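Student: Just a sequence and a predicted model for now, questions to come.
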Amino acid sequence: MSVSAGTKWRRFSSVATIAMALVVPTARAAGVEQPAAALRFVGDRDYAPFTFLEAGMPRGLDVDVALAVADRLGRAVQIDLMDWEEAQQQVRAGRADGLLSMSRTPDRQEIYAFTEPTTVHEFGVFVRRSNPVIRSASDLSDMRVGVTAGRYPQRFFAANAVRRLVRIDNYEDGFRQLSAGTLDAVAADTWGAAQTIRERGLRDIDRAGPAFDRLPAGFALRKDAGPLRDDINAVLRRMKADGTLDDIHERWRPHQGLAISRDVLWDLLRVIAGISLIALGARRLRGRIKRTGAEW
């Protein structure tokens, strides 16, 4: 199946998961058929809700963004999801135009040409509810911490003297090991963790403390892809202005209550308890005033 490169985004999104891996042979420019160079983007197959495979087809927030961008550029697009380290190697070797959903850091900016952000990645630490020791990322120096290979948490904690980093295949694998007690914590993207916790019904997992970092993320293109970066940035600005980017985000946003930290929950409980005590005190005071009035 092929889809016209000029198809409007809202119609295009309904067939994207079928057509995304096919190449549209032509693009329209000023009403004349011209050869079109297909874009090829690669990403992580295990990074829901940003990029993941569903029945073998690429899905996710960043997949939808890439499809919308390619549609507005009038370019055919091929999206392939794979092991994250392999995806990075393909872009560095020139076999793909860019990566989807890469967090922007100074060292990565030396390797890739980043577009303007398409989203923000927030990273947190997840633990068993029965663990009273780990309350934030600062408590992990001697703990067994699960991290996915090549992702930002691995780099962050390696640079911050966490000595017992354990490679996990994906968040489901990490949370399984966490529940079994072979890991003390999992460092994860909070959206990705929230989706995994919800889908797998993991009631024994909590987030410990606030996020340890938040980073802008977007397309990470080959370093020599300056013109393509400029074209994508122009499209992203229009998508932000007309609400398309917000619509895509809302479609993929996980239930935020799942990402709330254990400390925040305790704070909320303390506030509720404080309000209850104030209300109880007020009722007792009113009762005393009534009794005093009756005595007079």
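Tutor: Arrived safely, thanks for sending. Numbering: from 1, shown residues only.
Student: Which stretches in the stretch 101-250 of the chain count as strands?
Tutor: Secondary structure of the stretch 101-250 of the chain (DSSP state E, counting those that start in this stretch): strands at 112-114, 119-128, 144-148, 164-168, 185-189, 205-222.
Student: okay, and for the protein, where does confidence drop off?
Tutor: 1-36, 255-277, 279-282, 284-296 (pLDDT under 70).
Student: Now with 50, please.
Tutor: 1-30, 258-266, 268-269, 271-272 (pLDDT under 50).
Student: Break this protein into its domains for me.
Tutor: Using automatic domain parsing, the domain ranges for the chain come out as 9-120+215-255, 121-214+257-262, 263-296.
Student: Let me have those in TSV, extended by mean neighbour count.
Tutor: Bear in mind the C-beta positions are built from the backbone N, C-alpha and C, glycine included. Converted to TSV, the domains of the chain look like this (neighbours: other CB atoms under 10 Å):
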stretch	mean neighbour count
domain 9-120+215-255	18
domain 121-214+257-262	19
domain 263-296	10
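Student: Does P210 touch S136 like I think?
Tutor: Yes: with contacts counted by CB atoms under 8 Å, P210 reaches S136, the gap being 6.9 Å.
Student: quick revisit: of all the strands of the stretch 101-250 of the chain, which one is nearest I79?
Tutor: Nearest to I79 among the strands of the stretch 101-250 of the chain is strand 205-222; the distance by CB to CB comes to 11.8 Å.
Student: quick one, that closest one and strand 185-189 angle?
Tutor: Inter-element angle recorded for strand 205-222 and strand 185-189: 50 degrees (by axes from the mean of the first three to the mean of the last three CA atoms, to 10 degrees).
Student: sorry, back to before: export the strands of the stretch 101-250 of the chain as a markdown table, with columns for distance to I79.
Tutor: Converted to a markdown table, the strands of the stretch 101-250 of the chain look like this (distance: least, CB to CB, whole Å):
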| stretch | distance to I79 |
| --- | --- |
| strand 112-114 | 17 |
| strand 119-128 | 16 |
| strand 144-148 | 20 |
| strand 164-168 | 24 |
| strand 185-189 | 20 |
| strand 205-222 | 12 |
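Student: of those, which approaches L99 most closely?
Tutor: Going by CB to CB, the one of the strands of the stretch 101-250 of the chain nearest L99 is strand 205-222, 4.2 Å.
Student: how far does stretch 80-88 sit from the chain's center?
Tutor: Averaging C-alpha positions (CA atoms, centre = their mean, to the nearest Å) puts stretch 80-88 16 Å from its chain's average.
Student: Kindly report the same for stretch 145-164.
Tutor: 17 Å.
Student: got the contact list for it?
Tutor: Applying CB atoms under 8 Å, 6 or more residues apart in numbering, the external contacts of stretch 145-164 come out as 44, 46, 84-85, 88, 103, 105, 121, 123, 125, 137, 140-144, 165-171, 173-174, 177-178, 183-189, 212-213, 215.
Student: hang on, R222 packs against G94?
Tutor: Yes: contact criterion CB under 8 Å: R222 and G94 qualify, at 6.3 Å.
Student: Now do the helix or strand where R72 lies: distance to the chain's middle.
Tutor: Per DSSP states H and E: R72 is located in helix 61-73. Counting by CA atoms, centre = their mean, helix 61-73 is centred 16 Å from the centre of its parent chain.
Student: Beyond it, next helix or strand please.
Tutor: Heading C-terminal from helix 61-73 (DSSP H and E), you reach strand 77-82.
Student: what angle separates that next one from helix 61-73?
Tutor: Using the same axes, to 10 degrees: strand 77-82 against helix 61-73 is 160 degrees.
Student: What is the helix or strand just after strand 77-82 packed up against?
Tutor: Moving toward the C-terminus from strand 77-82, the next helix or strand (DSSP H and E) is helix 84-92. Here helix 84-92 touches strand 39-44, strand 77-82, strand 98-103, strand 205-222, going by 3 or more CB pairs under 8 Å, 6 or more residues apart in numbering; DSSP states H and E.
Student: Tell me which of those approaches R283 most closely.
Tutor: strand 205-222 (34.4 Å).
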